[in-house]
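Q: have a look; sequence and predicted model below, questions after that.
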Amino acid sequence: MSTPAIEVSGLRKAFGDKVVLDGIDLDVPAGTIFSLLGPNGAGKTTTVNVLTTLARADGGTVRVAGHDLATEAKAVRAAIGVTGQFAAVDELLTGQENLQLMVDLGRVPAKDGRRVVADLLERFDLTESARKPASAYSGGMRRKLDLAMTLVGTPRIIFLDEPTTGLDPRSRRTMWSIIRELVADGVTIFLTTQYLEEADQLADRIAVLDQGRLVAEGTPDELKRRLPGTHVRLRFTTAAELDAAARVVPGATRDDEALALRVPGDGGTKSLRALLDRLDEYAISAEGFSVHTPDLDDVFLALTGHGTEVPAK
């Protein structure tokens, strides 16, 4: 087993008498996308600030890239990249100059600087606008430049704190593609987002943070299956087949117009196999089936009692 990219145990952080993180445990495997969800004020950005050495924890232990955060902060900083909620580019400089600035700050050897800058401009489709001031860039271009600057020095763990906030749908999907490419290259992504579709599309695992506590963790599908409402929809070609299936499947709800039967379940393979075996036992054939589960919006609402935009109290 490889060393986890991020290990967190009992993480606590307070500002005055307000507890922001109340005993957080996280384990992020290397080469995966881990998404931390939560409403505004839940503690997402504070978590990122602690894990990236920008804030000091009040309690607990944290290891990032195998290094202890409390005693090896310099080594942690050398192994990570951070893209915050707002693009941290110098708008008076061109895109190329912003990247060169990161090179000059020592993230890569000077002899490799020109090649690194050119490669990143090409990778993020910024070559044509490289000599334009960042102030002339669109929001999506600024976010791409910001992420490109983060990649100077090839960090193996990247923290993305709400990286697509304010972007239009097309720019957001472009960022998704870039993030997937990074993970394909072996990079670990720690992603915070308010966009539940984004987490659903990208994350290998998701943790839900609410009022400083983790209230759930799992894959997107695991979280969805925790809610009632998951069901299998069976479709039939004749009313006679629908009648027969309705008689032998307890608790099912029929849709006569669509010749379909809705069967409550957990959506897992074991229960699905048992359902199909029962139909076979009575020589009933379904034209097809599909598994329907609650989406992450349903999960989030059930776990936190409110949507992503509501500040934690």
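A: Done, it's in. Please read these numbers as outputs of a predicted model, since none were measured by experiment.
Q: from here on, just use CA atoms for contacts and neighbour counts.
A: OK.
Q: let's see the host helix or strand of residue 302 as CSV, backbone CA atoms only.
A: Here residue 302 sits within helix 296-304, counting by DSSP states H and E. The C-alpha coordinates for helix 296-304 follow below in CSV (Å, rounded to 0.1, in the frame of the first residue of the first chain):
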residue,chain,number,x,y,z
LEU,A,296,-26.0,14.8,-4.4
ASP,A,297,-28.4,17.7,-3.9
ASP,A,298,-30.7,15.3,-2.1
VAL,A,299,-27.8,13.9,-0.1
PHE,A,300,-26.5,17.3,0.9
LEU,A,301,-29.9,18.5,2.0
ALA,A,302,-30.6,15.4,4.0
LEU,A,303,-27.2,15.6,5.8
THR,A,304,-27.0,19.3,6.5
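Q: and it, what other elements does it pack with?
A: In terms of contacts (3 or more C-alpha pairs under 8 Å, 6 or more residues apart in numbering; DSSP states H and E), helix 296-304 is packed against helix 196-202, strand 213-218, helix 220-225.
Q: return the set of buried residues in that helix.
A: 296-300, 303-304 (16 or more other C-alpha atoms under 10 Å).
Q: any chance of CSV for the residues you listed, columns distance to residue 76 and pLDDT?
A: Formatted as CSV, the buried residues of helix 296-304 follow (distance: C-alpha to C-alpha, whole Å; pLDDT from 0 to 100):
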residue, distance to residue 76, pLDDT
296, 32, 89
297, 34, 88
298, 36, 85
299, 34, 88
300, 32, 88
303, 33, 87
304, 32, 84
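Q: ok, so of these, who is nearest residue 116?
A: Relative to residue 116, the closest of those is residue 296; by C-alpha to C-alpha it sits at 38.5 Å.
Q: do I have it right that the closest one meets residue 194?
A: No - using C-alpha atoms under 8 Å as the test, residue 296 is too far from residue 194 to be in contact (11.3 Å).
Q: pick out the shakiest of the helices and strands packed on helix 296-304, pLDDT-wise.
A: When the helices and strands packed on helix 296-304 are ranked by mean pLDDT, helix 220-225 comes last with a mean of 89.
Q: all helices of the protein, in order?
A: 44-51, 73-79, 95-102, 113-123, 139-151, 169-184, 196-202, 220-225, 239-248, 269-281, 296-304 (DSSP state H).
Q: show me how far the second one is from its chain's centre.
A: From the chain centre to the centre of helix 73-79 is a distance of 23 Å (C-alpha atoms, centre = their mean, to the nearest Å).
Q: pLDDT of stretch 24-40, averaged?
A: On average, the pLDDT along stretch 24-40 is 95.
Q: got the CA coordinates for it in PDB?
A: What follows is stretch 24-40, C-alpha atoms only, in PDB (Å, rounded to 0.1, in the frame of the first residue of the first chain):
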ATOM      1  CA  ILE A  24     -11.800  16.100  11.600                       C
ATOM      2  CA  ASP A  25     -10.500  12.800  10.300                       C
ATOM      3  CA  LEU A  26      -9.500  12.400   6.600                       C
ATOM      4  CA  ASP A  27      -7.500   9.900   4.500                       C
ATOM      5  CA  VAL A  28      -6.800  10.800   0.900                       C
ATOM      6  CA  PRO A  29      -5.200   8.100  -1.300                       C
ATOM      7  CA  ALA A  30      -2.500   9.300  -3.700                       C
ATOM      8  CA  GLY A  31      -3.500   9.900  -7.300                       C
ATOM      9  CA  THR A  32      -7.200  10.500  -6.500                       C
ATOM     10  CA  ILE A  33      -9.600  13.400  -6.400                       C
ATOM     11  CA  PHE A  34     -11.000  14.000  -2.900                       C
ATOM     12  CA  SER A  35     -13.800  16.600  -2.600                       C
ATOM     13  CA  LEU A  36     -14.800  18.400   0.600                       C
ATOM     14  CA  LEU A  37     -18.300  19.700   0.400                       C
ATOM     15  CA  GLY A  38     -20.100  22.000   2.800                       C
ATOM     16  CA  PRO A  39     -22.200  25.200   3.000                       C
ATOM     17  CA  ASN A  40     -20.600  28.600   3.300                       C
END
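Q: give the buried residues for it.
A: Buried residues in stretch 24-40, counted by 16+ other C-alpha under 10 Å: 24-26, 28-40.
Q: circling back: now distance to residue 117 and mean neighbour count too, for the helices and strands packed on helix 296-304, in a markdown table please.
A: Shown next, in a markdown table, are the helices and strands packed on helix 296-304 (distance: least, C-alpha to C-alpha, whole Å; neighbours: other C-alpha atoms under 10 Å):
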| stretch | distance to residue 117 | mean neighbour count |
| --- | --- | --- |
| helix 196-202 | 27 | 17 |
| strand 213-218 | 38 | 17 |
| helix 220-225 | 36 | 20 |
